[in-house]
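Student: Please work out how this folds:
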Amino acid sequence: MGTLNQSADAVRELLVHEIFHLNDQAHDDWSQRALTTLYARIVERCGTKKACLEPWAPMETATRGTFYAFVPENGVGEYAAELAARYVREQRTVSRGSKVASPFKCRTKENAMAWGLLKAEFFANVDLVPDCP
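Tutor: Coordinates of the predicted model:
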């Protein structure tokens, strides 16, 4: 499994992340078209400050002092791949009969927007996570 991926869940999420890049490319770089403006607003607000970015970070993965989704060289495609991994994580949680403690889509309006765009493009608008209060 390696030093980063120390569980089957971590490996699964990495696979989802990497496979998402292939799907994104097959969808004519969907993440660039659909998420660039939203992503740019978040980055403009926070830069790479990890504490500021926390509400918008789809996954906990961090490198170089910030969340992987927001490392400047990575760009919006990595944000989208992290979002896809979070989507699958939360769908699996609900499908196993558990409650998602802090649904990503419910944290900020930007998250809800990104979540909605992702589920419409790649997941047939299916979302097992209950609506936000």
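Student: Tell me where this structure has helices.
Tutor: For the chain, the helices defined by DSSP state H cover 8-26, 30-46, 50-53, 76-95, 109-122.
Student: Check the offset of the last one from the chain's centre.
Tutor: Pointing back at helix 109-122 there. 10 Å (C-alpha atoms, centre = their mean, to the nearest Å).
Student: Now do the buried residues in it.
Tutor: Applying a neighbour-count criterion of 16 or more other C-beta atoms under 10 Å, one finds 110, 111, 112, 114, 115, 117, 118, 119, 121, 122 buried in helix 109-122. (Each C-beta comes from the backbone N, C-alpha and C, glycine too.)
Student: again, but for the shortest one
Tutor: Residues residue 53 are the ones in helix 50-53 that count as buried (16+ other C-beta under 10 Å).
Student: can you list contacts of it?
Tutor: 42, 45, 46, 62, 65, 66, 67, 69, 70 (C-beta atoms under 8 Å, 6 or more residues apart in numbering).
Student: Of all the helices of the chain, which one comes closest to residue 129?
Tutor: helix 76-95 (5.1 Å; C-beta to C-beta).
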